[in-house]
Every structure is written in structure tokens, then in C-alpha cells.
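A.B. asks: Just the structure for this:
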Amino acid sequence: MRRILFVDDETRVLQGLSRMMRYMQREWQMDFVDSGEKAVNLFEQSPYDAVVTDMRMPCMSGAELLQIICDRFPGTLRVILSGQSEKQAILRSLECTHRYHAKPCEAASIVQILNEAFDTLFSESPKLRAKLTGIRNLPYRQDIGHQIKSICQAQAHTLAELTHTVSQDVALSIRLLHLANSSFFSAPGTVADLNSAVLLLGADGVSQVNEIVQQRQREEASCSAAMQDFARNVGEHSYLVARAAARIARLERRSEAEVGAAFTAGILHDAGRLAMMAGMPTEYEGVVAECASHPDDIEHLERRIFGFDHGDAGRYMLSLMGISQSAVDAATFHHRPRDLQCKEFSVAAAIHVADSTVRCAGGGHQGSSTGFIDLEYLQHIGCAHRLEQWQHETKRELQA
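C.D. replies: Next up is the predicted model:
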């Protein structure tokens with residue numbers, strides 16, 4: 001039975017939550033408290049699987065509570081309920097929150113959010129959960145952060161220019177999609193392309209998120225030269241894969257929405273590598289170094305050492321944040337697409353071919369695979385005859 005703690009300083013709201021969640025008593029053990037301090041005390045007695053907290057509370061805000069929970073009980077699912085007027089506070093809670101939900105809300109929507117997140121949280125190995133659930137920040141690129149600041153300060157800038165720059169930092173792209181897929185902006189998982197996320201948040205929102213994550217990186221001294229090289233390497237490779245995947249989607253006459261989803265999935269397909277570096281930096285730096293000269297490819301080495309690979313890590317992190325299924329599938333299956341069990345062309349197919357082709361063309365990162373393409377899988381989805389043209393157009397795209 002899952003244990004959930006609800007926190008809100010308003011007695012009336014707390015009583016309302018208790019009443020409307022009563023029908024879940026056979027499936028969940030639920031407790032309700034009116035302060036962050038009481039919540040921490042209960043956690044110290046016996047940790048919960050999830051905490052759902054209001055943002056604005058006296059003495060200890062919801063964000064402050066979740067920061068404590070993240071530090072002391074990192075395996076906990078962390079959800080914020082908040083009003084539309086509290087967007088600035090929400091931005092500052094980015095590092096410690098898995099899901100956001102706007103108030104007022106129905107019981108069914110809270111149950112759906114929690115059940116979806118629980119499906120992710122408890123579907124993976126205990127080791128993966130232990131290493132990755134408590135991640136606060138991913139490796140960000142300082143060079144891209146400076147460019148975004150300059151663009152946002154300029155008198156005249158375009159959405160395309162801003163999106164182009166954002167897309168070269170995988171970690172920042174994830175944060176923006178995380179916010180855009182909260183109920184403040186849309187239904188979870190419905191914003192599948194980065195351009196739409198930037199449009200929803202606007203230049204001010206992008207600028208604020210950029211400033212917050214860059215400041216936190218400086219405070220935590222997590223911007224070493226080695227970490228910056230790693231983030232830049234992953235970012236540059238992912239950007240090339242995104243362009244190639246979008247080109248493949250256009251060749252298959254997909255809608256602009258699907259092309260945008262393919263581009264965004266390309267940006268996020270190696271998100272699990274950032275998660276693994278953030279969750280276990282010393283061990284993962286060793287993997288990266290070994291892959292520089294190791295004949296085995298990186299996902300096999302990851303599985304041998306950790307018991308999971310960066311595809312598993314990407315699925316876990318992106319699913320917890322409520323990011324679109326197309327991006328989750330691309331992150332999970334870009335090295336093993338047949339496991340998706342899809343019978344037709346998909347975004348994941350485009351990412352698989354784009355990723356392999358980019359690597360063979362010299363756009364791979366340290367520890368990359370050798371460019372293997374699963375021809376049997378392409379035959380299964382009826383696209384094997386398209387491979388030559390896809391690769392030809394991908395190489396043209398990389399030369400543009």
C-alpha cells in the first residue's frame with residue numbers, strides 16, 4: 001500500500017482534500033498535516049512514498065519542504081499544488097519537484113498524477129531509483145546560458161532564435177518541457193516539442209529558468225571543466241541528432257507537430273547520460289573514460305557496471321517529470337528500437353537511425369556506439385527500403 005502525505009496550512013483546504021480522497025483509502029494510506037514542520041517530523045518517523053504540498057505556507061514554504069525531503073528522503077515522489085499567482089515561486093522549486101498541479105483541482109486529477117508517477121517510480125530497479133530519484137540538477141552548459149541571457153536582453157529577438165539556442169542545452173530543454181507540461185500550461189505530456197514550450201513560457205520565463213539553473217550550478221560548484229565538456233559533448237551530439245530526426249520525419253511526410261516532436265526527442269534522447277552523471281558523477285566519469293578506448297559500446301558497459309543503461313535512466317527521469325511519451329520512447333529505445341514493439345514508423349525509429357548515422361558521420365560523443373542500425377527492426381516496420389535515403393538526407397543536413 002502506497003503512503004502519501006498531504007500538506008496544506010489551510011484547515012478548510014486540508015479537510016476538503018481528506019474528503020475528496022476518501023475513496024482511495026483501500027489503495028493508499030494517507031495522512032494530512034497543516035505545516036511543513038509536522039510533515040518533516042512524520043517523515044522522520046516513517047518515510048512516505050509521496051508528498052503533495054501546497055506552495056504558499058507560513059514558516060516553511062512548499063518549496064522549502066520539498067528541498068528538505070529531497071535531501072533527507074531522496075526516493076520520495078514530490079508534488080506541488082499551487083495557485084496561478086505563484087509562478088515565480090514555482091520556478092524556484094524546479095530542482096526539487098517532480099510534478100506540479102494547479103489549484104483548485106479534482107481528486108481524479110491528483111490520483112492520475114500520482115498513479116502515473118508511481119508506475120514509473122516502482123517499475124525500475126531499486127538501485128536506479130536510489131541513484132536517480134533525488135537528483136536536483138543536471139549538467140548545464142554555461143556557454144549556452146550566457147547566450148540565452150544575451151538574447152533575452154536584446155531589444156529584438158525571435159522565438160526561432162531563442163529555441164535554436166535553448167535546444168543546444170539538453171538539461172535546460174528538459175526543465176522548460178517539465179514546466180510546459182505542468183497543469184499551469186497544459187495537460188501533462190501534451191507539449192511534445194521544444195518550440196511550443198518556449199512559446200508557452202515566453203522569453204521572460206525562459207530567461208528566469210536560465211538564471212535560476214545557472215545560479216544554482218555556480219552555488220553548487222558543479223560547473224567543473226570536465227562537467228562542462230561532458231554537457232557540451234552530449235548537447236552538440238543531441239542537437240545534430242535532433243536535426244537529422246526532423247529531416248527524416250519530413251521525408252516521411254509527417255505533420256509539423258510530428259516533425260517538432262522528432263526534433264525534441266532528438267534533443268532528449270541522451271538525457272539519461274546527464275541523469276547518470278548527475279546521480280553518480282565519480283562512477284560515471286569512470287565509464288566515460290573507459291569508453292574512450294573500450295571496444296564495448298556504452299550501454300553494455302553501463303549495464304555491466306550499474307545494472308541499467310542510459311536509456312533506462314532517461315525513461316525514468318523524463319517519465320517522472322511528465323514529459324511526452326514520444327520523447328520517453330526515444331530516450332528508452334534509441335539503441336534497441338525493436339523493444340518498443342511498434343509495427344510502423346515512429347519518432348523512436350527516426351531517432352534510432354539519426355543517432356546511428358550521426359555517430360558514423362563523426363558526430364558521436366565520447367563513449368558512443370559504433371553506429372549500429374537494426375535492419376531487422378526497419379524491415380519489421382516496413383521502412384528498410386527508406387534507410388539509404390534517410391542516411392543520405394541526414395548527411396546533407398549535417399553539412400548544411
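
A.B. asks: quick one: low-confidence parts of the protein?
C.D. replies: For the chain, the stretches flagged by pLDDT under 70 are 84-87, 155, 186-189, 220-223, 293-296, 362-371.

A.B. asks: Now Leu5: which helix or strand?
C.D. replies: In this structure, Leu5 is located in strand 2-7 according to DSSP states H and E.

A.B. asks: what packs against that strand?
C.D. replies: Counting contacts by 3 or more CB pairs under 8 Å, 6 or more residues apart in numbering; DSSP states H and E, strand 2-7 packs against helix 11-20, strand 28-33, helix 36-45, strand 50-54, helix 107-121. Glycine gets a C-beta too; all of them are placed from N, C-alpha and C.

A.B. asks: just so I know, which of those lies nearest Leu172?
C.D. replies: helix 107-121 (22.3 Å; CB to CB).

A.B. asks: Show me what the closest one is packed against.
C.D. replies: Looks like helix 107-121 contacts strand 2-7, strand 50-54, strand 77-82, strand 99-102, helix 310-320 (3+ CB pairs under 8 Å, 6+ apart).

A.B. asks: Let me see the residues that make contact with the first one.
C.D. replies: What it means is strand 2-7. By CB atoms under 8 Å, 6 or more residues apart in numbering, the surrounding residues in contact with strand 2-7 are 14, 17-18, 21, 27-36, 38-39, 42-43, 46-54, 57, 62, 65, 114, 118.

A.B. asks: Please spell out the ChimeraX selection for the buried subset of those.
C.D. replies: In ChimeraX syntax, the buried subset of the contacts of strand 2-7 is picked out as below (16 or more other CB atoms under 10 Å):
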select :14,17,21,28,30,32,33,34,35,36,39,42,43,48,49,50,51,52,53,54,57,62,65,114,118
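
A.B. asks: got a list of what the residue nearest the centre of the chain touches?
C.D. replies: Nearest to the geometric centre of the chain sits Leu318, at 3.5 Å (CA atoms, centre = their mean). Leu318 is in contact with 174, 268, 271, 327-328, 331, counting by CB under 8 Å, 6+ apart.

A.B. asks: Quick check: nearest residue in space to it, chain neighbours excluded?
C.D. replies: Nearest residue to Leu318 in three dimensions, chain neighbours excluded: Val328, at 4.9 Å (CB to CB, 6 or more residues apart in numbering).

A.B. asks: Buried residues, the strand or helix carrying the one you found. List them.
C.D. replies: Taking DSSP H and E as the definition, one finds Val328 inside helix 325-333. Across helix 325-333, burial judged by 16+ other CB under 10 Å covers 326-333.

A.B. asks: again with stretch 242-257
C.D. replies: In stretch 242-257, counting by 16+ other CB under 10 Å, buried: 242-250, 254.

A.B. asks: Does Gly62 touch Val51 like I think?
C.D. replies: No: look at Gly62 against Val51 with CB atoms under 8 Å: they stay out of range, at 9.2 Å.

A.B. asks: Around Cys152, how many other residues sit close by?
C.D. replies: Number of residues near Cys152 (other CB atoms under 10 Å) recorded here: 18.

A.B. asks: quick one: it from Gly205, how far?
C.D. replies: Cys152 sits 10 Å away from Gly205, taking CB to CB, to the nearest Å as the criterion.

A.B. asks: And for Gln147?
C.D. replies: Distance from Gln147 to Gly205, by CB to CB: 17 Å.

A.B. asks: now the helices and strands packed on helix 107-121 as JSON lines including distance to Ala349?
C.D. replies: Below are the helices and strands packed on helix 107-121 laid out as JSON lines (distance: least, CB to CB, whole Å):
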{"stretch": "strand 2-7", "distance to Ala349": "36"}
{"stretch": "strand 50-54", "distance to Ala349": "35"}
{"stretch": "strand 77-82", "distance to Ala349": "32"}
{"stretch": "strand 99-102", "distance to Ala349": "29"}
{"stretch": "helix 310-320", "distance to Ala349": "15"}
